[in-house]
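S.K.: this is a predicted model, with the sequence first.
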Amino acid sequence: MKRTSFRRQGRRVVATAAAFLVALGIAGTPPVRADSGSAYVRVDQLGYDLHGSKRAYLMASGSEDGATFSVLDAQGNSVLTGDVGVDLGSWSASYPHVYAVDFDALTDAGTYTIAVVGPIPTTSLAFPVVDGPGLYRQALANSLFFYRAERDGPHYVPSALRTAPAHLNDRNAMTYRTPKTNSDGIFKGDLSPLGVRMDASGGWWDAGDYPKFVMTTSYTVALMLDGVRDFPTQMGAGSSASNFTNEGRFGLNWLMRMWNDRTGTLYYQVGIGEGNDHIAGDHDIWRLPQADDRYGAKDPTYKYIRHRPVFRAGPPGSPVSPNLAGRDAASMALGYQVFRTLHPRFARRALRSAEDVFDQADTHPTGHLMTVIPRDFYPESSWKDDLELGATELYFALSSGGAPANLPHRNPLYYLRLAAHWAHGYMAGRNDAADTLNLYDVSGLAHDELIRAIRQAGDPKGLETTEAALLADMKRELDAAVARSQADPFGFGFGWAHWDTTTHGTGMSVEASEYDQLTGTSTYAEESRRWLANVLGANAWGTSLIVGDGTVFPHCMQHQVANIVGSLDGSPPILAGAAVEGPNSYAARGRLPHMRTCPPDGVDRFAQFNGQKAVYKDDVQSYDTVEPAIDLTASGPLAFSRQALGLA
């Protein structure tokens, strides 16, 4: 996702400089002669499932032909040996050789390292091998921690990072018309108030900054509640450490505040990222969120920091941009499914709101879809997949029973037909099979849900699409990712030099698992595991792209709370569970007062591993590689849950 200027801006304690270098994968290998080159073994740092396939990657500056490897247990004993596999291709001029190291035969639980004996000897970081549920338990708990740390409003969760509520003035916020802005989000003059105040408190900050967006929150809530419903042992009441049920309700509560069901009015954003020469925006200052309610005393420059504007999508009753309407409806309908018995009154209100916002969708949009201000932060173009998802979740909500009598539509088949209609429209359109599951294209989830709905309904006649067509479309998306992976020595199914690297990895893993579960096959099982492993350290840089998941992870995120209050070396406190952007085509630069320099010594320890036009930099200034966000993190818990259950 494109972002501008500042915005896209059991844990291991690093005790010594040498340990710090080991943790970064820069050291930790057996000493070699200066003229012999360098090599690294890149592993899934979260670990490997006892019963799954296991691949590491040997990346070397010179040929490793004839090399062998040994898997060593925690005592240094060799438990498995083998030949280093085929040369998978060149990563960069510095590292022209990447080899497969496959060790599927290892089926005993424990902590291991991989030692390579060859022209350039090297040893990997340590990694665990355990059963699936145990392997992903902490990662799921970390993901939940991240969302709790991102909470805005009075109902914050106290921790070492969060010691006070934030943006309490949002409880009585003024609403405004959407201003005209340039591509950087700059508007002229002042904002135009609408004279209507509302409670816009709560919700999650979008990323490392403090605005709140319906676009990203609705996506996040939909994936979170889908996980609570489908994976109760991992994400629901069956887990004591990673029960997302209350967190899903917290996010949904905010979405329902932003939709006035009585007047049919959608409000889509709280706060401004960019101001102008006379008005400060969120991205102009670096501070903790609890400072905002009194920031700058009475200085008019900071009036929209103290009293954040809420932007209206359109007049009451006007058509709602279909991407937002579809995802809002999906989140609210999922809310009914999850909370129907737990919180029946809340659930009934959510279902009525879901139907109403879906009915108000603009199904003939012109120009750009509404996303956020400025649109360049999130330039979405796909929307029929959102309506497919919204209609499908409304089908499931109505078919689960207990629906209130005052609904505009009470027949589940009404929504099943609409879901099939929008799925057909998506597959016939220009966006078809152009992407895998992520914020901008939810077809990877919508098709999965619709296939299940069609099966549940007994495959009724007259639908505009079929189960076979939906499966074929998912396969086209996944086959395109597989084709890309075959051109990458690390086997990643998305370009390393593009935005949203991390979330594409977890999204591809989810969609591959869905397809295999739907078809009862293991067609994409290896890809599902390996794409997730790429995110968790099996990449050229040897870093996990999710904080706290593994040994090496981002220390210097562009996240104000993590930078101001958290550690700068990976020791507690850290923003565990935060998924960052990941490698990109460049690393951004730009400082603000009060930003703590990170890395403290200013050294880019990952620069030597850049290749394929991709850059990764763990630096607080580099928003486009190490800023986390709620949407970037959202598909991770689903991927972990599926792997934990062996659904890949």
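M.R.: Thanks, I have it. Numbering: from 1, shown residues only.
S.K.: care to break the protein down by domain?
M.R.: With domains defined by automatic domain parsing, the chain comprises 18-131, 168-465.
S.K.: can I get the ones you listed in CSV with distance to residue 148?
M.R.: The C-beta positions use only the backbone N, C-alpha and C, and glycine is treated the same way. Output for these, formatted as CSV (distance: least, CB to CB, whole Å):
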stretch, distance to residue 148
domain 18-131, 21
domain 168-465, 7
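S.K.: now these in CSV, with distance to residue 555 and mean neighbour count?
M.R.: Listed next are the domains of the chain as CSV, based on distance: least, CB to CB, whole Å; neighbours: other CB atoms under 10 Å:
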stretch, distance to residue 555, mean neighbour count
domain 18-131, 9, 18
domain 168-465, 14, 20
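S.K.: nearest to residue 498, of these?
M.R.: Of all the domains of the chain, it is domain 168-465 that lies closest to residue 498, at 10.8 Å by CB to CB.
S.K.: from the contact counts, what lies against the helix or strand harbouring residue 641?
M.R.: Assigned by DSSP states H and E, residue 641 belongs to helix 630-644. With contacts taken as 3 or more CB pairs under 8 Å, 6 or more residues apart in numbering; DSSP states H and E, helix 630-644 sits against helix 132-149, helix 214-230, helix 232-235, helix 501-519, helix 525-535.
S.K.: do you know which of the ones you listed lies nearest residue 594?
M.R.: Each of the helices and strands packed on helix 630-644 has some distance to residue 594 by CB to CB; the shortest is helix 132-149, at 19.5 Å.
S.K.: residue ranges of the strands in the stretch 51-200 of the chain, please?
M.R.: 55-60, 68-72, 78-83, 87-89, 97-102, 110-117, 122-123, 127-130, 173-176, 193-198 (DSSP state E, counting those that start in this stretch).
S.K.: looking at those strands, which is nearest to residue 524?
M.R.: When the strands of the stretch 51-200 of the chain are compared by CB to CB, strand 55-60 sits nearest residue 524, at 15.0 Å.
S.K.: what are the contacting residues of that closest one?
M.R.: By CB atoms under 8 Å, 6 or more residues apart in numbering, the surrounding residues in contact with strand 55-60 are 37-44, 64, 67, 69, 84, 88, 91, 95, 97-103, 114, 116, 119-120, 122, 124, 489-490, 530, 533, 538, 540, 609.
S.K.: that strand vs strand 68-72, what angle?
M.R.: Calculated by axes from the mean of the first three to the mean of the last three CA atoms, to 10 degrees, strand 55-60 forms an angle of 130 degrees with strand 68-72.
S.K.: got the angle between strand 55-60 and helix 525-535?
M.R.: Going by the same axes, to 10 degrees, strand 55-60 is angled at 50 degrees with respect to helix 525-535.
S.K.: so how far is strand 55-60 off the chain centroid?
M.R.: Taking CA atoms, centre = their mean, to the nearest Å, the mean C-alpha location of strand 55-60 is offset from the chain mean by 26 Å.
S.K.: just checking: what are the partner strands of that strand?
M.R.: strand 39-42 (antiparallel), strand 97-102 (antiparallel) (DSSP bridges).
S.K.: kindly format the C-alpha coordinates of it as PDB.
M.R.: What follows is strand 55-60, C-alpha atoms only, in PDB (Å, rounded to 0.1, in the frame of the first residue of the first chain):
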ATOM      1  CA  ARG A  55      13.200 -26.300   4.100                       C
ATOM      2  CA  ALA A  56      16.000 -23.900   4.900                       C
ATOM      3  CA  TYR A  57      18.000 -21.900   2.400                       C
ATOM      4  CA  LEU A  58      21.800 -21.600   2.100                       C
ATOM      5  CA  MET A  59      22.800 -18.300   0.700                       C
ATOM      6  CA  ALA A  60      26.400 -18.000  -0.400                       C
END
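S.K.: quick one: mean pLDDT over that strand.
M.R.: For strand 55-60, mean pLDDT is 98.
S.K.: residue 615 and residue 588 touch, don't they?
M.R.: No - between residue 615 and residue 588 there is no contact under CB atoms under 8 Å: 10.0 Å.
S.K.: I am finished for the moment; much appreciated.
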